[in-house]
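Colleague: Structure for the following, please:
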Amino acid sequence: MGTSDLTVDAGLPAVETFPRLPAPPSRLDRVALFLDLDGVLAELADTPEAVAPEPRRTAVLTALAPRVGGRVAIISGRTIAEIDRISDRSMASASGVHGLERRRADGTFLRAEASESVRNAVAAFEDFARSRPGVIVEDKAVAAGLHYRGAPEAAPDAEILTRRLAAETGLMLQPGNMVIELKTPGASKGTALKAFMQEAPFAGGVPVMLGDDLTDEDGFRAATELGGFGVLVGPPRETAARYGLPGVTAVLDWLEQLEAKA
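Modeller: Sure, this is the predicted structure:
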């Protein structure tokens with residue numbers, strides 16, 4: 001595999017340099033599902049709050065959970081409060097802010113301690129956004145997000161700022177799709193997946209992680225280490241995932257097939 005998704009020749013359309021991964025099997029025994037939210041269960045939107053509950057998504061998740069023995073969780077960069085809003089509270093198990101928040105199947109809630117460093121990063125992001133219309137700051141208490149989907153020209157300055165703040169504060173730099181976050185270190189989507197796999201009802205299952213972003217690669221690797229696999233959603237790229245699906249609609253189709261055959 002190469003290092004970029006697309007090769008562009010002058011006057012010719014873009015050509016994918018990575019082959020598409022095969023679709024995941026439609027029947028899996030003892031599957032334990034870990035699902036990213038944005039770009040996997042929900043289409044990407046211009047702003048975080050623009051993503052709303054959707055009847056088909058809610059119906060799929062609600063029907064799927066009992067069919068796989070409750071072994072399904074959303075693992076997202078969003079907070080658990082946002083996961084609940086968008087998923088219509090259809091998930092008992094969830095992890096937010098890249099593993100820094102986690103709700104077990106029994107309802108126990110775990111979260112890393114908020115820090116002065118995160119508050120300082122939020123303040124710096126707000127100063128940055130004041131003079132750049134379209135840039136959005138997200139305060140997650142244990143992480144600070146700088147969204148620039150509405151102002152893509154701000155990307156170079158956003159990267160400079162976040163790298164400087166990461167060096168000054170010790171916070172972890174977490175790049176994403178048109179967003180850069182600074183988060184409390186020590187957790188990832190991979191650590192969240194591994195923690196779930198040590199608990200009921202996930203223990204003994206075969207972990208399968210669906211994700212679209214670079215932040216999901218830790219989850220792909222964790223699933224593989226534990227005998228399962230990752231599923232990359234979206235365009236082909238270099239990845240630790242074994243299988244692929246082209247987009248959100250294909251994810252919901254696949255989950256419906258799983259539910260029917262479980």
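
Colleague: Every contact and neighbour count from this point should use C-alpha atoms.
Modeller: OK.

Colleague: This structure: strands as residue ranges?
Modeller: According to DSSP state E, the chain carries its strands in the segments 6-7, 15-16, 31-35, 72-75, 93-96, 101-103, 109-111, 136-139, 143-147, 172-175, 179-183, 206-211, 229-233, 243-245.

Colleague: What segments of the protein are helices?
Modeller: For the chain, helices defined by DSSP state H occupy the ranges 55-67, 80-87, 116-130, 155-169, 189-197, 217-225, 248-261.

Colleague: any chance of those in TSV, with mean neighbour count, mean pLDDT and distance to S95 too?
Modeller: Formatted as TSV, the helices of the chain follow (neighbours: other Cα atoms under 10 Å; pLDDT from 0 to 100; distance: least, Cα to Cα, whole Å):
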stretch	mean neighbour count	mean pLDDT	distance to S95
helix 55-67	16	97	16
helix 80-87	19	97	6
helix 116-130	18	97	19
helix 155-169	15	96	23
helix 189-197	22	98	7
helix 217-225	23	98	12
helix 248-261	17	96	19
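
Colleague: Switch those over to TSV; also include distance to L21.
Modeller: Output for the helices of the chain, formatted as TSV (distance: least, Cα to Cα, whole Å):
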stretch	distance to L21
helix 55-67	24
helix 80-87	27
helix 116-130	38
helix 155-169	30
helix 189-197	21
helix 217-225	14
helix 248-261	13
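
Colleague: if we can go back for a sec, output the strands of the chain in TSV; the columns should cover mean pLDDT, mean neighbour count and distance to A42.
Modeller: Listed next are the strands of the chain as TSV, based on pLDDT from 0 to 100; neighbours: other Cα atoms under 10 Å; distance: least, Cα to Cα, whole Å:
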stretch	mean pLDDT	mean neighbour count	distance to A42
strand 6-7	31	14	24
strand 15-16	54	13	24
strand 31-35	98	25	11
strand 72-75	98	28	12
strand 93-96	98	27	15
strand 101-103	98	22	20
strand 109-111	97	14	24
strand 136-139	96	19	19
strand 143-147	96	27	17
strand 172-175	93	19	19
strand 179-183	95	24	17
strand 206-211	98	28	11
strand 229-233	98	26	11
strand 243-245	98	22	14
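
Colleague: Nearest to A143 among the helices of the chain would be which one?
Modeller: Comparing the helices of the chain by their distance to A143 (Cα to Cα), the top pick is helix 116-130, with 5.8 Å.

Colleague: Give me the contact list for the closest one.
Modeller: The contact list for helix 116-130 (Cα atoms under 8 Å, 6 or more residues apart in numbering) reads 135-139, 141-146, 165, 169, 171, 182-184.

Colleague: repeat that for 10 Å
Modeller: The contact list for helix 116-130 (Cα atoms under 10 Å, 6 or more residues apart in numbering) reads 132, 135-148, 154, 157-158, 161-162, 165-166, 168-171, 181-184.
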